[in-house]
Structures are given as C-alpha cells and as structure tokens.
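*Asks:* Structure here, sequence nowhere to be found:
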C-alpha cells in the first residue's frame, strides 16, 4: 500500500477477504490502513465475524441507516485503493460522490500478490484436493464404457468428489468425447462414448477452501496412428515444461518450454491457450503462464502445466498437472499416469 501511495485499501473480492481474515461472508467489505483494519458486514454475520476474525479487525455493523459509504465518508481517506476488477461502475460512481476530496486509485493485485506464494497449510490443502483428483481419475477409468454420455460421466465425477469429502467442484467439469475433445472448454452434453473416441476429463474439487485441477485424455478402444502421434507430442511438451519450471524462471519462458516442442512438431497453430495458471482459493489466480506474461515463478507457487493440441472437428488432447514450485524445480501433486491409456 505504501509503495502504491494508498492510505486505505477497500477489499471487495470475497477470496481476498477470506485470505486476510479467515472469515467467509457474501456481504462484506474490508477497509485496511497501516495501523487499523475494519470488517464491515450486516446483522446476519456480525456475531460470527467477531468470533472468527482476529483482533486485527474491528467489526462494523452495516444496516439500512448506515452503509459502507457512510463509513467511508466518516473515514475520509486521503487515497483509497479499490479492487477495480471487482466493483461495479455504479459502486465506483457512488464512491466518487461520497468522497469528492479523496483520490480513488487501483488496489488491484495487492492481496493477489500475497496469495500467489502459498504457506505450508495452503500447500497441504491443495495437495489433499489433488490427491482426491487422483482417486477420482482411477474411479472414472472403471466407470467409462461405450454408451455412457458426457453428462453422465461429468455427474459421476461430481458425485465422487462430494461422496469423498470435497465441499464443491473447483469449476464445472469438462468431460467430452470424440470430436468434441477439439474444444478446449467443451461442455458435456448427450454425446455417447464410442469405441475409437478420445475422452478428455478436466476436473477439480475444493478441500479445506483450496482448489485442485487436473486433466487427462484417454482413449476408448483402439486409436489411429495420428491420434497416438499427436498424443506423444503433447506428452513430450508437458514433460519438457515440467523439467523447466523453477524459481526465478519468467512465466513466458515456462510457456516457451512446452510451446517450442509443439511448434517443432508442426502443431503450433493448434495450441491456442497458455501453458497454465496459479491455483489456490480460486481455480485461476496469479501467476499466469503464457507468452505475454511478465510474472516470475517463485518458490511455493502452485501452478498448472497444461499444454494441448486441438485439431478442429477431429480430436483434441490436453495433459495437465498441478505442481508446487520448489527451490530446485517442482513437485507434482497429481500422480495419475500420463502415458496414453486405452480403456
């Protein structure tokens, strides 16, 4: 905040609020200054907040007669930082009306920069969620049979996670077959699994508030020479990136490690997304691993490594691991096999 010239930071993003306080609330604001911090919420949450948050935060009751704008008017910050990517245009206009003499600046990325590097407890939670993903993948290898629909497979993944301790999914499950695997974020539908299909499953769950993320592509029955060849290219690219990641490596260079393999094989135009992203309280958070990233990998970041090749109307392949960056390289949290599996 000092480096950004902010006297006060207004935290509106729910994940950032939880990170800073350890308290879940869907109607809450944090106001943070160098020597004081406030948690603003309504009657439904004040008692729970007073029990949950540390003495670093003073709980302030909001109601119909006294809202967050009244509080900020009384506080009258010299320079207020806001999370621009979270607040609405109408909220920003109301701030300008409320604080005509205050400077209102961007506070984006301040909490996220702290969240990018995980502590031991966070890494343990992510590892637990990813271990559940390994178990789910093994379960799905037995579940998938010709005649099963994409929606049935996606539902089975969700049931497995919820039956085995996950609080929710990290994101809507991608479970797609055959020609639909060429869609990087294809939605499960009524497509029936047939012999000769590729199956792409991209799934994750939340355990102890932290997300997991894993993708595997497997085959139902025999595959063509082209399908096997492209699979081996993606696997080579994924392994190359796994070997390259380390603290101090620019994220664009991490992406380059995988992309160069795919380009050399002649499939560069069919790898249209970045190598990966950070994972934590959110499924997509800092850092971003793509060709345009200016971020640098640091020890104890949790990032995905997920190159892919997608041939329109034919098939697609993605292999994704979630890794912890360590002093000497990475530790993979997923242990499911990556070599081509034929069901």
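*Replies:* Thanks, I have the structure now. Owing to the predicted nature of the structure, the values given are computational and were not obtained by experimental measurement.
*Asks:* Contacts only, for residue 176.
*Replies:* 150, 183, 186, 187, 188, 191, 199, 200 (CB atoms under 8 Å, 6 or more residues apart in numbering). Heads up, the C-betas are built off the backbone N, CA and C, glycines and all.
*Asks:* Now for the closest residue to it other than its chain neighbours, how many residues are close by?
*Replies:* Leaving aside its sequence neighbours, residue 176 sits nearest to residue 186 (CB to CB, 6 or more residues apart in numbering; 4.2 Å). Residues within reach of residue 186, counting by other CB atoms under 10 Å, total 20.
*Asks:* Name the helix or strand for residue 186, please.
*Replies:* If you go by DSSP states H and E, residue 186 is not part of any helix or strand.
*Asks:* how would you label residue 81: helix, strand or coil?
*Replies:* Here residue 81 is strand, with the state taken from DSSP: H, G, I helix; E, B strand; the rest coil.
*Asks:* looking at it, the residue nearest to residue 176 is touching residue 180, isn't it?
*Replies:* Yes - using CB atoms under 8 Å, residue 186 is in contact with residue 180, at 4.8 Å.
*Asks:* And residue 315, its phi and psi?
*Replies:* Backbone geometry at residue 315, expressed as degrees, to the nearest 10, gives phi -170, psi 170.
*Asks:* Now that it has come up, it's in contact with residue 177, right?
*Replies:* No - the criterion here is CB under 8 Å, and residue 315 misses it with residue 177 at 9.7 Å.
*Asks:* residues shared between the contacts of those two?
*Replies:* Residues touching both residue 315 and residue 177 (CB under 8 Å, 6+ apart): residue 198.
*Asks:* Next secondary structure element downstream of the helix or strand hosting residue 253?
*Replies:* Using DSSP H and E, residue 253 sits within helix 251-264. Following helix 251-264 in sequence order, the next helix or strand is strand 276-278 (DSSP H and E).
*Asks:* Other residues contacting that next one?
*Replies:* Counting by CB under 8 Å, 6+ apart, 116, 254-255, 284-289, 301-306, 320 sit against strand 276-278.
*Asks:* One more pass at 6 Å, please.
*Replies:* 116, 284, 285, 286, 287, 288, 289, 303, 304, 305, 306 (CB atoms under 6 Å, 6 or more residues apart in numbering).
*Asks:* got TSV for the residues you listed, with neighbour count and pLDDT too?
*Replies:* As requested, those are exported to TSV (neighbours: other CB atoms under 10 Å; pLDDT from 0 to 100):
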residue	neighbour count	pLDDT
116	20	98
284	15	97
285	18	97
286	20	96
287	25	97
288	19	97
289	28	98
303	28	98
304	23	98
305	27	98
306	25	98
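*Asks:* Those in strands, which ones?
*Replies:* 285, 286, 287, 288, 289, 303, 304, 305 (DSSP state E).
*Asks:* Tell me, how many residues neighbour residue 100?
*Replies:* The burial count for residue 100: 7, using other CB under 10 Å.
*Asks:* my bad, residue 65
*Replies:* 6.
*Asks:* Same question for residue 256.
*Replies:* Residues near residue 256, counting by other CB under 10 Å: 19.
*Asks:* any chance you could map the helices in the stretch 51-200 of the chain?
*Replies:* Assigned by DSSP state H, counting those that start in this stretch, the stretch 51-200 of the chain shows helices spanning 68-75, 89-98, 110-115, 120-143, 150-163.
*Asks:* so which of those gets nearest residue 234?
*Replies:* helix 120-143 (17.0 Å; CB to CB).
*Asks:* Which elements pack onto the closest one?
*Replies:* Counting contacts by 3 or more CB pairs under 6 Å, 6 or more residues apart in numbering; DSSP states H and E, helix 120-143 packs against helix 150-163, strand 205-207, strand 210-211.
*Asks:* Mind listing what's buried along the longest one?
*Replies:* Buried positions in helix 150-163, judged by neighbour count with 16 or more other CB atoms under 10 Å: 150, 152, 153, 154, 156, 157, 158, 160, 161.
*Asks:* and the fourth one, how far is that from residue 341?
*Replies:* Right, residue 154. 19 Å (CB to CB, to the nearest Å).
*Asks:* One more: the fifth one?
*Replies:* Distance of residue 156 to residue 341, computed by CB to CB: 17 Å.
*Asks:* Same list (the ones in strands among the contacts of strand 276-278) but as a markdown table, adding distance to residue 15.
*Replies:* Formatted as a markdown table, the ones in strands among the contacts of strand 276-278 follow (distance: CB to CB, whole Å):
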| residue | distance to residue 15 |
| --- | --- |
| 285 | 8 |
| 286 | 12 |
| 287 | 16 |
| 288 | 16 |
| 289 | 20 |
| 303 | 17 |
| 304 | 17 |
| 305 | 23 |
